[in-house]
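Chemist: structure for this input, please:
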Amino acid sequence: MKRIFIFGILVSLMTACGSDENGNARKYLVSAQQCYERGEFAEAKSLIDSVRIVYPKAFDARREGIDLLQKVEIAEAERTIAYHDSVISVLNERFEEVRRGFVYEKNEEYQDAGIYCKASQTADSNIGRNYIRAQVDEQGRLTLISNYSGSSYIHHRSLHLSLGDNYLDTPVSDDFYEFKDLGLCYERCNFADGKDGGAAAFIAMNKDRNIDVKLIGDRTVSMQMKASDRNAVAEVYSLSLLLKSIAEATAMRDEAKRKIQFVEANIARKDSLQ
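Modeler: Residues are numbered from 1 along each chain as shown. Model prediction:
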């Protein structure tokens, strides 16, 4: 009988403690709810997380906290979507303004994304000329292309750009193409997005100054970039930044949409079990 009595006291104490924990924990939830209603989502999530840490045995309050957290996450994602929709709209307007100054090329058979370049740098109008060409795909990935033609191959794989005491060396490229036509040797060396060592940015920043270029291979061929080529690279570089901003904003918006779908699926799953 004594043991039963003691057990009853312990159960009563545990119930009372649990009740106190839930009561105290709900104070955090009230504050979290207020933050949620004010749009202070980070603060709301912090308060909800505090319930789990401070009151680990407040099971009822923790379940309520999960419900509130899901509302917070959906509202936060909806705000992210609205923000990036507005950013994308502004960027797309800017893109529509500048795209008219570029030539769009796409081989439907071989390319998933089309590319933009300046009319002055299309391959067909520059046959037999040594020059640096820039192009950018629809995701903003810029490729700098070194074109060489001559009586013999030089097998060039990198570039040296110089402007007085300032200079830049590109990494060695493993993306190149060589062929011979009508007795002339042609070489095309590609420096894809992020693999040009900053050469496109260097040219863009110095588009109004004479830039000397050396094609580095089995032997070195020197040339000076024409003003039209410098300006073309600078414009493509600027377009690349714009397209990358659009792609990044779109990716963040789409991630927020996936977040809402994930949370709503969890809510539906929980409701189906009740």
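Chemist: ok, and what's touching stretch 195-209?
Modeler: 132, 134, 142, 144, 159, 161, 163, 168-171, 173, 191, 211, 225, 230-231, 233-234, 236-238, 240 (Cβ atoms under 8 Å, 6 or more residues apart in numbering). The C-beta positions use only the backbone N, C-alpha and C, and glycine is treated the same way.
Chemist: at 7 Å what do you get?
Modeler: For stretch 195-209, contacts defined as Cβ atoms under 7 Å, 6 or more residues apart in numbering pick out 134, 142, 144, 159, 161, 163, 168-171, 191, 211, 230-231, 233-234, 237.
Chemist: so for it, mean pLDDT?
Modeler: Across stretch 195-209, pLDDT averages out at 96.
Chemist: ok so, going back, any of the contacts of stretch 195-209 buried? List them.
Modeler: 134, 142, 144, 159, 161, 168, 170, 191, 211, 230-231, 233-234, 237 (16 or more other Cβ atoms under 10 Å).
Chemist: could I get those as JSON lines with secondary structure and distance to residue 65?
Modeler: Output for the buried ones among the contacts of stretch 195-209, formatted as JSON lines (DSSP: H, G, I helix; E, B strand; the rest coil; distance: Cβ to Cβ, whole Å):
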{"residue": "134", "secondary structure": "strand", "distance to residue 65": "53"}
{"residue": "142", "secondary structure": "strand", "distance to residue 65": "47"}
{"residue": "144", "secondary structure": "strand", "distance to residue 65": "53"}
{"residue": "159", "secondary structure": "strand", "distance to residue 65": "58"}
{"residue": "161", "secondary structure": "strand", "distance to residue 65": "58"}
{"residue": "168", "secondary structure": "strand", "distance to residue 65": "55"}
{"residue": "170", "secondary structure": "coil", "distance to residue 65": "54"}
{"residue": "191", "secondary structure": "strand", "distance to residue 65": "52"}
{"residue": "211", "secondary structure": "coil", "distance to residue 65": "61"}
{"residue": "230", "secondary structure": "helix", "distance to residue 65": "59"}
{"residue": "231", "secondary structure": "helix", "distance to residue 65": "59"}
{"residue": "233", "secondary structure": "helix", "distance to residue 65": "55"}
{"residue": "234", "secondary structure": "helix", "distance to residue 65": "54"}
{"residue": "237", "secondary structure": "helix", "distance to residue 65": "49"}
